[in-house]
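S.K.: sequence? don't have it. structure:
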């Protein structure tokens, strides 16, 4: 089935699954944070209006393309630097909620690994 022949729900599901699959190529601690964030964001936008949905889908498609370039064909060891720096003018366009989410993500990424809560990450 071509992308043009898919309905909206199928396109959202494909993008969602693609992001999660791309995370398989990330270091395990980044995968854990990324998977949680993707699941939360897609859940949060289930009832978005048409304009928000279009912006959301375009942003996540851009993210998926960027991650696929960064992870490389054989994983992050063959790719370039992971991630992308935010520009100041991009931050100026963020809403208070988006800034709060960004800070929450930053805080989560900086937390030490709890071997009891995340035993699969304990040996990293």
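M.R.: Thanks, I have the structure now. Since we're looking at a predicted model, the values are computed, not measured. Residues are numbered from 1 along each chain as shown.
S.K.: by contact count, what packs against the lengthiest helix in the chain?
M.R.: Counting by DSSP state H, the longest helix found in the chain is helix 50-71. For helix 50-71, the elements it packs on are helix 8-23, judged by 3 or more CB pairs under 8 Å, 6 or more residues apart in numbering; DSSP states H and E. Heads up, the C-betas are built off the backbone N, CA and C, glycines and all.
S.K.: and the closest residue to residue 84 other than its chain neighbours, how far from residue 72?
M.R.: The spatially closest residue to residue 84, leaving aside those adjacent along the chain, is residue 66, at 6.4 Å (CB to CB, 6 or more residues apart in numbering). According to CB to CB, to the nearest Å, residue 66 and residue 72 sit 12 Å apart.
S.K.: tell me the spacing between residue 58 and residue 47.
M.R.: 18 Å.
S.K.: hmm, back to that, now the element after the longest helix of the chain, going C-ward?
M.R.: helix 88-92 (DSSP states H and E).
S.K.: hmm, who's touching that next one?
M.R.: residue 99 (CB atoms under 8 Å, 6 or more residues apart in numbering).
S.K.: ok, residue 58 and residue 47, which is more surrounded?
M.R.: residue 58 (10 against 7; other CB atoms under 10 Å).
S.K.: stretch 14-29: which residues count as buried?
M.R.: If you call a residue buried by 16 or more other CB atoms under 10 Å, then stretch 14-29 has these buried ones: 15, 16, 18, 19, 22, 23, 25, 26.
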